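# here is a sequence with its predicted model. Questions after.
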Amino acid sequence: MTERILILGGGFAGNAAAHALRGQGLEVTLIDQCNYHLFQPLLYQVAAGDLQAEAIATPQRRLLRGGGLHFRLGRVVRLDLPQRAIFLDDGDTLPYDYLFIALGTVTNFFGNAAIASHALQIKGVEAAETLRSRILTALEAASHCSDPAERRRWLSFVIAGGGPTGVEFCGALLELLRVLLPRDYPELQPEEAQVTLVQGGAGLLPGFAAPLQAQAARKLQKLGAQLRFHTHVRDFDGRTVQCQPDAAIPTRTLVWTAGVTANPLAATVPGAKGPGGRIIVDPHLRLPEHPEVFILGDLACSSNGEFWPQVAPFALQSARHAALLLQSQRQGRVLPPPFAYQDQGSMAVLGRFDGVCQIERWHLRWHGWSAWLLWLGLHLYRIIGTRNRLLTLLDWGTDYLRHSAAVEIIRSPANASDP
């Protein structure tokens, strides 16, 4: 009987696992609540209007053709590990012989219901498009607002979190406002717009070398950002961001990039949990009490204290290791060595023609146009599909060469009268 493999999650880890198991005589089914694979590192550009969402989304069925690979659209609501079965929201039950859990993370609002209700995020296509629509709606509302205080609220944008997503979105938003305001909104003065980035730590881009952190801060300040360090966002009612210890910020728009936590389903998986609800695994990325279950990507946490970053390279490496281990077990070969993450480096784009990059294993750290160009090339290479690469090139050409946003449409309704 053909062994059945279920893969939960169609992100980097899930897709990499499926492709690594292609043509191995297995029945492999990937399950996801979206019918597309999303290139998440560029979601912030969708939010800033630099890219259309279709440029970074690829249909799953196109990626999973042949070789025993299948796709199932659905949301997993329960796991039954002792019975080796999963339950979907449509009532179906799917049995398995091996299970790969690669469900990723969700935005972490740290239990603050008010922030969760009123803030915007950049996690998923709908969230990114809603954020872009809110930015454009804010400009439209400010353009005919007669109350100076309310006008300032609409033209104030606050970003919580100074990691790569917050920094990259901050730079993209500043570039967007620099282009749109003088060209399309003659009723507004460019200097009226204010972008504030709030960071709880002492510097931007935690994990990067201090000189690169300083460069990121200088670049954003040069573009016009207000930076608040050692500051935490404590509350937001849709009109005012309450900070600690700094003063409150009147604004209609808070963008939350301050953290992620494990997919809620991870809490139902038996065994120990690590920071952010991540699942502690054995040296081969298996669930200790259920060796037929592999934990991949953002959900996996080392049992020996090693830090595994929640980035695409780790997701890909974890998926390939799990697939190799499974193949070795089935074929009676010698098992591969325990999983060891190979850090390929970190990079972030700071705006037009500028970026930072570090590759610790080679002791390389630099910034400027060459770092930006490397970032551009690697991201273009990693986007799946020729069509998507062409769409991305077209949108980037519109942005970088014509100095114009690729998308300026309010697609997701953002009621200007509501917080």
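That came in fine, so what should we check first? Residues are numbered from 1 along each chain as shown.

# what about the helices in the stretch 301-419 of the chain?
312-331, 369-382, 386-400 (DSSP state H, counting those that start in this stretch).

# helices or strands next to the second one in the packing?
Contact analysis of helix 369-382 by 3 or more Cβ pairs under 8 Å, 6 or more residues apart in numbering; DSSP states H and E lists strand 346-351, strand 354-359, helix 386-400 as its packing neighbours. For glycine as for every other residue, the C-beta is placed from the backbone atoms N, C-alpha and C.

# so which of these gets nearest Leu21?
Shortest distance between Leu21 and the helices and strands packed on helix 369-382, using Cβ to Cβ, is found for helix 386-400: 23.6 Å.

# what's that closest one packed up against?
Secondary elements touching helix 386-400 (3+ Cβ pairs under 8 Å, 6+ apart): helix 369-382.

# could you check the helix it packs on and say which residues are buried?
371-372, 374-376, 379 (16 or more other Cβ atoms under 10 Å).

# who touches it?
39, 41-42, 312, 347-350, 353-357, 389, 392-393, 396 (Cβ atoms under 8 Å, 6 or more residues apart in numbering).

# hmm, 10 Å instead?
Residues outside helix 369-382 that contact it (Cβ atoms under 10 Å, 6 or more residues apart in numbering): 12, 39, 41-42, 45, 56, 168, 212, 215, 312-313, 316, 344-345, 347-359, 365-366, 388-389, 392-393, 396, 400.

# among the residues you listed, which ones are buried?
12, 39, 41-42, 45, 56, 168, 212, 215, 312-313, 316, 344, 347-352, 354-358, 365, 388, 392, 396.

# now do the helices in this structure.
12-20, 43-47, 60-63, 113-118, 125-143, 148-154, 164-184, 210-223, 312-331, 369-382, 386-400 (DSSP state H).

# packing partners for the shortest one?
When contacts are defined as 3 or more Cβ pairs under 10 Å, 6 or more residues apart in numbering; DSSP states H and E, helix 60-63 packs onto helix 12-20, strand 27-32, strand 36-38, strand 69-73.

# any low-confidence regions in the chain?
402, 412-419 (pLDDT under 70).

# nearest residue to Ala258 in space, please, no chain neighbours.
Gly161 (3.6 Å; Cβ to Cβ, 6 or more residues apart in numbering).

# hmm, the one you found is touching Glu168, no?
No: Gly161 is beyond contact range of Glu168, at 11.2 Å (criterion: Cβ atoms under 10 Å).

# shared neighbours of these two, anything?
What both Gly161 and Glu168 touch, as defined by Cβ under 10 Å, 6+ apart, is the set Thr257.

# can you pull the contacts of Lys273?
262, 266-267, 279-280, 301.

# so who does the residue nearest to Ala258 touch?
167, 169-170, 197-200, 204, 233, 255-259.
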